[in-house]
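In: Just a sequence and a predicted model for now, questions to come.
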Amino acid sequence: MIPLRTIGIVGGGQLALMMAEAASRIGLEVEVLAARSDDPAARIVPRTSIGDPGDPSALRDLAGRCEVVTFDHEMVDPTVLGDLESEGFVLRPGARAMAVAVDKERQLEVFGRLGLPVPATTVARSLDEVRIAIDAVGGTAVLKVAIGGYDGRGVLLGATAESATEWMPDRPVAVLVQPEMDIDAEIAVQVVRGADGDMVVYPVVRTVQRDGMCAVVQVPSRLDPEIERAAVDMARSVADEIDVVGVLAVEFFIVDGALLLNEIAARPHNSGHITMESSRTSQFENHLRAVAGHPLGSTELVVPAAAMVNVVGSSRTGGGYGILPADVAVHLYGKRPRPGRKLGHVTATAVTLEDATERALRAARTLENGASTS
Ligand SMILES: Nc1ncnc2c1ncn2[C@@H]1O[C@H](COP(=O)(O)OP(=O)(O)O)[C@@H](O)[C@H]1O
Ligand SMILES: [Mg+2]
């Protein structure tokens, strides 16, 4: 297999931005298909075209100018991706892996086929079916759109028949209905799989979500090594089963001491941003290495402990970020602040997880509030 040099990225968000940063360091060329000219990657990548990722001709043009195409998000139509593959374009991950990654219902089918433990789930296809399913689990549930939700926006926690009616999307879409569980902890595993099936795995991270959105990520997870090993095995088996190329992020719940497989993303993931400072090779560099057919880099932990905290817009966030904290790695994506919007993240490394977490939390709050207090 001849290693490739030019990579097209569908989507211009922060993942594309951080892929572009990694690419420039290792001498790979990226071209971005962004929805808007002020998208994070569009602002720094000279070879950016503006277009709709759902438009087959925009995707075909990008694929025609690059040796391989990869993705910043899941807002793509797997059928269109399949058409491009049959025309001879190289997509990594491919259409088959993307078809699973974009659809939580298909993810559950794959996990089921592999015999992996998942949360009790009913798939509802109308508001009536949603209401019946909520009733069946005692009147309160968690609702998730199968396709097209991200950053907690496709999820309704504490759903009742009443709030479900308001939340239900207008478009026809399958909705997963689950009992609202008492979760002991959440963890994530990043697997990187090369086109030849070779795999490397990052150390397991612990994730803490706020309002359904990832807020804090910590490494090491400090959980039972047995649980960690089981999670890594499951993540690897899913990566093989869907034949993914690139990063596969796998999210788990721990409930009553047992693992449940929640969902996957076939791209670099928020829970892996910490690898930029905590591991020998970042998830972004390894994603590019994998999709371009280069050998994968070491995932070895290079610090005793690290914590990543997202910088999220609030009603207090102004147009800037005030003074940059000096005791963390700062990653700001250049997005216009809006309440609830991920604007960046910070990562602190330290000897203890407590120190790292405290420093990262403090730095993120400073950045979130900086503009209004300065
Ligand atoms: N069945 C559930 N019970 C309790 N909390 C849940 C359940 N499902 C999801 N959550 C919480 O909501 C978060 C987001 O849900 P997830 O299914 O991962 O959707 P998303 O695609 O938005 O990441 C999870 O990380 C978890 O904290
Ligand atoms: Mg999730």
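Out: Sure, I can see it. Ligands and ions are numbered 1, 2, ... in the order given.
In: now Val216, what's its secondary structure?
Out: The three-state label given to Val216 by DSSP: H, G, I helix; E, B strand; the rest coil is strand.
In: burial count for it?
Out: 20 (other CB atoms under 10 Å). (Each C-beta comes from the backbone N, C-alpha and C, glycine too.)
In: ok, now Thr281?
Out: 21.
In: those strands in the stretch 1-150 of the chain, which residues are they?
Out: 6-10, 29-34, 48-50, 68-71, 122-124, 141-145 (DSSP state E, counting those that start in this stretch).
In: which residues in the chain form helices?
Out: 14-26, 56-65, 78-86, 95-101, 104-113, 127-136, 161-167, 225-241, 275-278, 283-291, 353-373 (DSSP state H).
In: And the contacts of the fifth one?
Out: Spelled out, it's helix 104-113. 99-101, 118, 121, 123, 144-147, 174, 176, 238, 241-242, 261, 263-264 (CB atoms under 8 Å, 6 or more residues apart in numbering).
In: buried residues in it?
Out: Neighbour counts over helix 104-113 (16 or more other CB atoms under 10 Å) mark 104-108, 110-111 as buried.
In: Please tell me how far Ala34 sits from ligand 1.
Out: Distance, Ala34 to ligand 1, using CB to the nearest ligand atom, to the nearest Å: 22 Å.
In: if I read this right, that residue contacts Ile44, doesn't it?
Out: No: assessed by CB atoms under 8 Å, Ala34 is found out of contact with Ile44, at 11.0 Å.
In: Name the residue in these two with the higher neighbour count.
Out: Between Ala34 and Ile44, Ala34 has the larger neighbour count (other CB under 10 Å), namely 24 against 15.
In: tell me the contacts of Gly148?
Out: Applying CB under 8 Å, 6+ apart to Gly148 gives the contacts 74-75, 102, 154, 169, 171, 173.
In: out of these, who's nearest Pro53?
Out: Met75 (5.6 Å; CB to CB).
In: give me the number of residues near the closest one?
Out: Using other CB under 10 Å: Met75 sits among 16 other residues.
In: now swap in Leu127 and tell me
Out: Using other CB under 10 Å, Leu127 has 14 other residues around it.
In: got it, and the one 3 residues further on?
Out: Residue crowding around Val130 was assessed by other CB under 10 Å; the count is 24.
In: Residue numbers of the stretch 251-374 of the chain in contact with ligand 1?
Out: 251, 262-263 (CB under 6 Å from any ligand atom).
In: residues contacting the nearest residue to Leu301 once chain neighbours are set aside?
Out: Closest residue to Leu301 in three dimensions, ignoring its sequence neighbours and counting by CB to CB, 6 or more residues apart in numbering: Pro203, at 5.1 Å. Pro203 sits next to 219-221, 278-279, 299, 301 when contact means CB under 8 Å, 6+ apart.
In: Need the residues of the stretch 251-374 of the chain next to ligand 1 in CSV (columns: distance to Ile9).
Out: As requested, those are arranged in CSV below (distance: CB to CB, whole Å):
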residue, distance to Ile9
Glu251, 23
Asn262, 26
Glu263, 22
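In: could the residues you listed be laid out in CSV, adding pLDDT, distance to Ala231 and neighbour count?
Out: As requested, those are arranged in CSV below (pLDDT from 0 to 100; distance: CB to CB, whole Å; neighbours: other CB atoms under 10 Å):
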residue, pLDDT, distance to Ala231, neighbour count
Glu251, 98, 10, 21
Asn262, 98, 11, 20
Glu263, 98, 13, 17
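In: Among those residues, which lie within strands?
Out: Using DSSP state E, the subset of these located in strands is 251, 262-263.
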